[in-house]
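Undergrad: task: produce atomic coordinates for the following.
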Amino acid sequence: MEAATDLITEKIISAALEEKELYTEEETAKIYGELIKEGGLIGIVAQNLVVQLERKRSEEQTLLLDNIEHQIWYLTDKETYGVVNKAHAKFLGLEKEELEEKDLYHIIGVEEADICIANNREVFEKKKQSHIEEWIKNGGGETRLLSITRTPKIDENGNVEYVICAAEDITERKKAEEKIKEADIIINKSPAVAFTWKNEEGWPVKYISENVKKLFGYSSEDFMSRKISYAECIYPDDLERVEQEIADFSDEEEIDEFVHKPYRILTKDNNVKIVKNWIFIVRDFEGKITHYKGIIEDITERKRIDEALLKSEEKFRLLAENSVDCIWMLDKKLKFTYLSPSTERILGYKPEQMIGTNLSSHFKKKEFLKIGALAANAIKNYETFTHYTFETKMLNSKNDEVDIEITSRLLLNNQGKLIGLQGLTRDITERKQAEEVLRESEEKFRKLTEHLPVAIAVVDKNEKTEYANRKYFETIGNIYETPNLADWFLRVYPDEEYRKYVIEKWYVDLEKSINEGKEVEPFEYNITCKDGKVRVMEISGTWIGDKFVTIFNDVTERVHAEAELQKLNEKLEQRVNERTAELEKQNEDLESMNKAFVGREIRMIELKGIIKDLEEQIASVENEGE
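TA: Modelled structure (predicted):
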């Protein structure tokens, strides 16, 4: 064998030296093919070398496929997988071996498989490449949108040998596209107008949202066709200032956005409006400004109410000074700039004692690390940040921790720049104590119910199952397998008609209990338990706060006993009826006999009387004869 291998190697080397320095794998395979024809030991060894070469090629192709991000697989027919790469197997939550040579119906849902097979059939029949988007569930049960390209491999006879499929998950891209469409709709329906101006004289408009007519009176076509320039719409007395602001900010290379001070515009009807304008600078790769993008908001009405807002500041002070909660303000360095008088009631400090101090000095290190992270995130994302509400512990004047709840917002200036934070601090000591009492109460409730001989389950106001005791798990089943009441009804009442009857009755009884402020009266229902057996449960319940406690009393044995007793009563009643009939017959017979005896006695008495009369008559005759 070794000699044959050496001989084959020598022939390849010899051929290579004669013709070229190195043969490709394909050329080497051809040489092996010629050697196989020689037969004998050389042919056998050459055949083995061909197999090794093909295995190497297959391993290299598999390695290549498995390192491609996109999902790749091929179909041997419209329903059957051939080879798949790791990306596709991972998407379906399976191993490659679990997919290869398997039917689609065994891998994905019937509906999805029907759609895929229909698309596969089209490629096999039409022998043409297709590109289509399909929604398919991944291994985690999440429905994802795949962009799938199916390419048929045509053999020398013009038949489809197999179909190669390549897929890309475009779910996020599709969502992004939808968001862009949604954003465009929102912009056009909002009072803010979006502009894109070229960096040229007069700022000719390249793009403008359709809602521009509402603000300017001009249509988007008026601006796009240069019938009117944006510079012409700026109030003449404000134009120079606006131009100077653009020039100043544009000269600073590190600035890519800014906000104009409010300025006036002239509408098509020659009305004056006040606008706020956010500008975003667009530069090319050389740093040259090509465009300005802007969002323009009509703040005319807002300006008109500024005076009213100034007046309301006095009201705010009065409110802050009389508020139970502490109102505060911080600068960007997290130093207090304002605190309301309630500070003293909550923390024991007078407001002036805390003004100028840093937020970090009023918390233990562990607590401040959490708060500092929240503050840093808010400042970093100040353009999109709304507010935080969270619970923490703050140090009072005695250095003791106080349970508080903080609601925090950002403070922005007229240019939209961050200047600090503002918020409200509330003492929640009593609430935390109440929560602790409630927690202890719930713990006692659980301990008590765990050893009760009846099953108990608790659902919240949204019909979500929260808790069940040990007896429930032992008899009815695992409460976590029925996370809501709808699932529970399906599980314990498999018969559709009976389930419909139970649901209708249950909700009628529940509404009645709510309206009357009473418990749901016990009623017997047939429940399918976890062992598959149907048991009779007497179900009742009551509200405790916003949670409903349901009690399941297993009365199966009692119901069965009552049924047996009913049968015995019916049997006894039948025997009593039969015995009564017998007695009535006997009474009739006795009555007949009695009547017969009584008649005979009366007859005997009558006969005795007649005999006596005859005897007396005979005696009288005899006496007269004497």
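Undergrad: got phi/psi on the residue nearest the centre of the chain?
TA: Most central residue of the chain, judged by C-alpha distance to the mean C-alpha position with CA atoms, centre = their mean, is Glu142 at 10.8 Å. Phi and psi for Glu142, reported as degrees, to the nearest 10, are phi -90, psi 130.
Undergrad: what kind of secondary structure is Thr384 in?
TA: Per DSSP: H, G, I helix; E, B strand; the rest coil, the secondary structure class of Thr384 is coil.
Undergrad: count the neighbours of it for me.
TA: As a burial measure, Thr384 scores 6 neighbours (other CB atoms under 10 Å). (Glycine included, C-beta is placed from N, CA and C.)
Undergrad: cool, Glu253 as well?
TA: Neighbours of Glu253 under the rule other CB under 10 Å: 10.
Undergrad: that one belongs to a helix, doesn't it?
TA: No: counting by three-state DSSP, Glu253 is located in no helix; its state is coil.
Undergrad: which residues are in contact with it?
TA: Applying CB atoms under 8 Å, 6 or more residues apart in numbering to Glu253 gives the contacts Gly287.
Undergrad: any regions of this protein where pLDDT drops low?
TA: 1-66, 180, 183-188, 307-322, 589-590, 592-604, 606-607, 615, 621-626 (pLDDT under 70).
Undergrad: try it again with 80
TA: Within the chain, the stretches with pLDDT under 80 are 1-69, 177-191, 305-324, 414-415, 434-449, 451, 545, 568-570, 572-573, 575-626.
Undergrad: assign the residue lying closest to Tyr105 once chain neighbours are set aside to helix, strand or coil.
TA: Nearest residue to Tyr105 in three dimensions, chain neighbours excluded: Ala113, at 4.9 Å (CB to CB, 6 or more residues apart in numbering). Secondary structure for Ala113, judged by three-state DSSP, is helix.
Undergrad: next one: Ala113 relative to Leu94, how far apart?
TA: Using CB to CB, to the nearest Å, one gets 15 Å for the distance from Ala113 to Leu94.
Undergrad: of these two, who's got more company?
TA: Comparing Ala113 with Leu94 by other CB under 10 Å, the one with more neighbours is Ala113, at 18 against 15.
Undergrad: that one and Leu104 touch, don't they?
TA: Yes: using CB atoms under 8 Å, Ala113 is in contact with Leu104, at 4.5 Å.
Undergrad: shared neighbours, these two?
TA: Taking CB under 8 Å, 6+ apart as the criterion, Ala113 and Leu104 both touch Glu79.
Undergrad: helix or strand: which one has the closest residue to Pro453 other than its chain neighbours?
TA: Nearest non-adjacent residue to Pro453, counting by CB to CB, 6+ apart: Lys471, 6.6 Å away. Using DSSP states H and E, Lys471 sits within helix 470-475.
Undergrad: I'd like the next helix or strand past that helix.
TA: The element immediately downstream of helix 470-475 (helix or strand, assigned by DSSP H and E) is helix 485-492.
Undergrad: how about the closest residue to Tyr480 other than its chain neighbours, phi and psi?
TA: Nearest residue to Tyr480 in three dimensions, chain neighbours excluded: Thr465, at 7.7 Å (CB to CB, 6+ apart). Backbone dihedrals for Thr465, given as degrees, to the nearest 10, come out at phi -70, psi 130.
Undergrad: bridge partners for Thr465, pull those for me.
TA: Note on Thr465: beta-bridge partners by DSSP bridges are Val459.
Undergrad: what's it in contact with, if anything?
TA: By CB under 8 Å, 6+ apart, Thr465 lies in contact with 457-459, 479-480, 482-485, 488.
Undergrad: using JSON lines, lay out these together with neighbour count.
TA: Shown next, in JSON lines, are the contacts of Thr465 (neighbours: other CB atoms under 10 Å):
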{"residue": "Ala457", "neighbour count": "24"}
{"residue": "Val458", "neighbour count": "22"}
{"residue": "Val459", "neighbour count": "20"}
{"residue": "Ile479", "neighbour count": "18"}
{"residue": "Tyr480", "neighbour count": "9"}
{"residue": "Thr482", "neighbour count": "19"}
{"residue": "Pro483", "neighbour count": "13"}
{"residue": "Asn484", "neighbour count": "13"}
{"residue": "Leu485", "neighbour count": "18"}
{"residue": "Trp488", "neighbour count": "20"}
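Undergrad: how about these, which pair is most distant?
TA: Maximum pairwise distance among the contacts of Thr465 (CB to CB): 14.0 Å, between Tyr480 and Leu485.
Undergrad: ok, back up a step: who are the packing partners of the helix holding Lys471?
TA: Packing partners of helix 470-475 (3 or more CB pairs under 8 Å, 6 or more residues apart in numbering; DSSP states H and E): strand 455-459, strand 547-554.
Undergrad: return the most buried member of these.
TA: Highest mean neighbour count of these: strand 455-459, a mean of 22 (counted as mean count of other CB atoms under 10 Å).
Undergrad: now for it, which elements pack on it?
TA: Where contact means 3+ CB pairs under 8 Å, 6+ apart, strand 455-459 is packed against strand 465-468, helix 470-475, strand 547-554.
Undergrad: which residue ranges of the stretch 401-550 of the chain form strands?
TA: Taking DSSP state E, counting those that start in this stretch as the test, the strands found in the stretch 401-550 of the chain are 401-412, 418-427, 455-459, 465-468, 520-528, 534-544, 547-554.
Undergrad: ok, the stretch 201-350 of the chain next?
TA: Along the stretch 201-350 of the chain, the segments classed as strands by DSSP E, counting those that start in this stretch run 205-208, 257-259, 263-266, 272-283, 289-298, 326-331, 336-339.
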